[in-house]
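J.: Sequence below, structure please.
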Amino acid sequence: MPRRVRLVEVGPRDGLQNEKQPISVADKVRLVDDLSAAGVRYIEVGSFVSPKWVPQMAGSSDVFAQIRQKPGVTYAALTPNLKGLEAAIEAGVSEVAVFGAASEAFSQKNINCSIDESLARFAPLMVAARENGIQVRGYVSCVLGCPYEGEVDPKRVAHVAHELFAMGCYEVSLGDTIGTGTPGKTRQLFEAVGREVPRDKLAGHFHDTYGQALANIYASLQEGVCTFDSSVAGLGGCPYAKGASGNVASEDVLYMLNGLGIETGIDLDMLIAAGQRISDVLGRPNGSRVARARLAAQ
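T.: A predicted model of the protein is given here:
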C-alpha cells in the first residue's frame with residue numbers, strides 16, 4: 001500500500017452538474033472554501049461549457065473570482081474545447097481537464113463525435129494550454145462498462161489513455177461512469193492500461209451505483225494507483241448515463257484510507273461538515289455512509 005494518496009475532489013463540478021435545482025454562486029463558493037479549509041489539495045471547481053448543455057455550470061467564472069484560493073491548493077476546471085479553455089484562462093484558472101470516452105456510443109451521446117474525433121479536437125487545446133503554462137488532466141469515461149455498449153475492452157481504454165498521455169495530459173483518470181466495475185475487473189483494467197501509461201500517471205474515478213467503489217479503490221491501491229477522484233457527500237451522477245449514481249463519497253474514501261494508515265492531509269470531521277452543509281442546501285440526504293453514521297452518533 002502507498003504511504004500517501006492524493007484525493008481529487010470533484011464534488012463542486014462533477015457532483016453539482018447533475019443537480020436539477022438551481023445552486024447559487026455563493027453556495028458553490030462556500031463549498032469550495034469549506035473543502036480547501038478541510039485540507040483538500042485539489043478541487044475541481046467548475047466547468048467552462050455551454051450553459052445550454054450543463055446549466056449548473058453557469059457562473060463558473062464568478063465562482064473562481066470569489067473563492068479564497070489557498071497556497072498549495074489546485075483549483076481546476078473542465079474545458080471540453082478551445083473556447084472553454086479561453087474562458088478558463090480569462091478566469092485565471094491554472095489547471096484544466098479534458099474528457100474522452102472508451103465507448104463510441106457514449107462519446108456520441110456525450111460530446112456528439114467519435115472517440116478519434118474527440119481526441120483530434122483536443123490537439124489545439126493542448127497547444128494553447130502549453131503556451132499559457134496550464135497543466136491538463138485527462139479523463140476517460142466508461143472504462144468498466146457503458147450504458148449503451150455493455151462491457152468495454154480494456155485494450156480500448158488503454159488506447160484512449162495512451163493518446164491523452166501522449167498529447168500532453170500529465171495524468172489520466174479512468175472513470176467507471178456507471179459503477180458496474182468489480183475489483184477483479186478493476187485490477188485487469190489497470191494491468192492493461194499500465195502497459196501504455198505509467199501507473200503513477202493514472203488515477204481512479206469510481207461511481208458507487210453497485211456499491212463497489214471502495215472495493216475497486218482498494219483493488220487499485222494494490223495495483224500501485226495513488227490518486228483517486230471522489231465527491232463530497234457522494235454528489236453526482238452522469239446526465240448521459242441513465243441510472244448512474246453519484247461518485248464515491250470523499251468522506252467514505254478518507255475513512256477507509258485513514259484506517260489503512262494512508263496519509264491524505266485531509267481532516268475527516270471538517271470534510272463531513274462540508275458535505276452536510278451542501279446536502280442541507282440541496283435539501284437531500286447526505287450520500288456518505290460515514291457522514292450519516294457519524295452524525296447519527298452525535
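
J.: Now name the helix or strand holding G175.
T.: For G175, the host element (DSSP states H and E) is strand 171-176.

J.: Spell out which strands sit alongside that strand in the sheet and which way each one runs.
T.: strand 135-141 (parallel), strand 202-206 (parallel) (DSSP bridges).

J.: Please render the ones you listed as JSON lines that adds mean pLDDT, distance to D267 and mean neighbour count to the earlier fields.
T.: (C-beta placed from N, C-alpha, C; glycine too.) Output for those, formatted as JSON lines (pLDDT from 0 to 100; distance: least, C-beta to C-beta, whole Å; neighbours: other C-beta atoms under 10 Å):
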{"stretch": "strand 135-141", "mean pLDDT": "97", "distance to D267": "25", "mean neighbour count": "25"}
{"stretch": "strand 202-206", "mean pLDDT": "97", "distance to D267": "22", "mean neighbour count": "25"}
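
J.: Any chance of TSV for these, columns distance to D280?
T.: Formatted as TSV, these follow (distance: least, C-beta to C-beta, whole Å):
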stretch	distance to D280
strand 135-141	29
strand 202-206	26
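
J.: that older thread, other residues contacting the strand holding G175?
T.: 8, 137-145, 157, 161, 164-165, 186, 189-190, 193, 197, 201-207, 213, 216, 227, 229 (C-beta atoms under 8 Å, 6 or more residues apart in numbering).

J.: Also stretch 288-296?
T.: 232-234, 249-252, 254-255, 268-269, 272, 275-276, 285-286.

J.: in it, what counts as buried?
T.: Judged by neighbour count using 16 or more other C-beta atoms under 10 Å, the buried positions of stretch 288-296 are S288, V290, A291, R292, R294.

J.: Among these, name the ones in helices.
T.: Counting by DSSP state H, the part of these found in helices is V290, A291, R292, R294.

J.: Among those residues, which one sits closest to P51?
T.: Of all those, A291 has the smallest distance to P51: 30.6 Å, by C-beta to C-beta.

J.: need the strands for this structure, in chain order.
T.: Applying DSSP state E to the chain gives strands spanning 6-9, 42-47, 74-78, 95-101, 135-141, 171-176, 202-206, 227-230.

J.: would you list those in TSV and tack on distance to Q66?
T.: Below are the strands of the chain laid out as TSV (distance: least, C-beta to C-beta, whole Å):
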stretch	distance to Q66
strand 6-9	18
strand 42-47	11
strand 74-78	12
strand 95-101	19
strand 135-141	23
strand 171-176	27
strand 202-206	27
strand 227-230	24
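
J.: Indicate which one of the ones you listed is closest to V25.
T.: Per C-beta to C-beta, nearest to V25 of the strands of the chain: strand 42-47, 9.9 Å.

J.: tell me the contacts of N247?
T.: 10-11, 14-15, 205-208, 213, 229-231, 234-236.

J.: I'd like the distance between the nearest residue in space to V253 that is not next to it in sequence and I89.
T.: Computed as C-beta to C-beta, 6 or more residues apart in numbering, the closest residue to V253 that is not its neighbour in sequence is S230, at 4.7 Å. Distance, S230 to I89, by C-beta to C-beta, to the nearest Å: 27 Å.

J.: And L221, by the same measure?
T.: Distance of L221 to I89, given as C-beta to C-beta: 35 Å.

J.: just R6 next, same as before
T.: Distance from R6 to I89, by C-beta to C-beta: 25 Å.

J.: Please apply the same query to A219.
T.: Separation of A219 from I89 (C-beta to C-beta): 38 Å.

J.: Compare those two and say which is more crowded by neighbours.
T.: Set side by side, A219 and I89 show more neighbours around A219, with 23 against 18, by other C-beta atoms under 10 Å.

J.: Show me which helix runs longest in this protein.
T.: helix 115-131.
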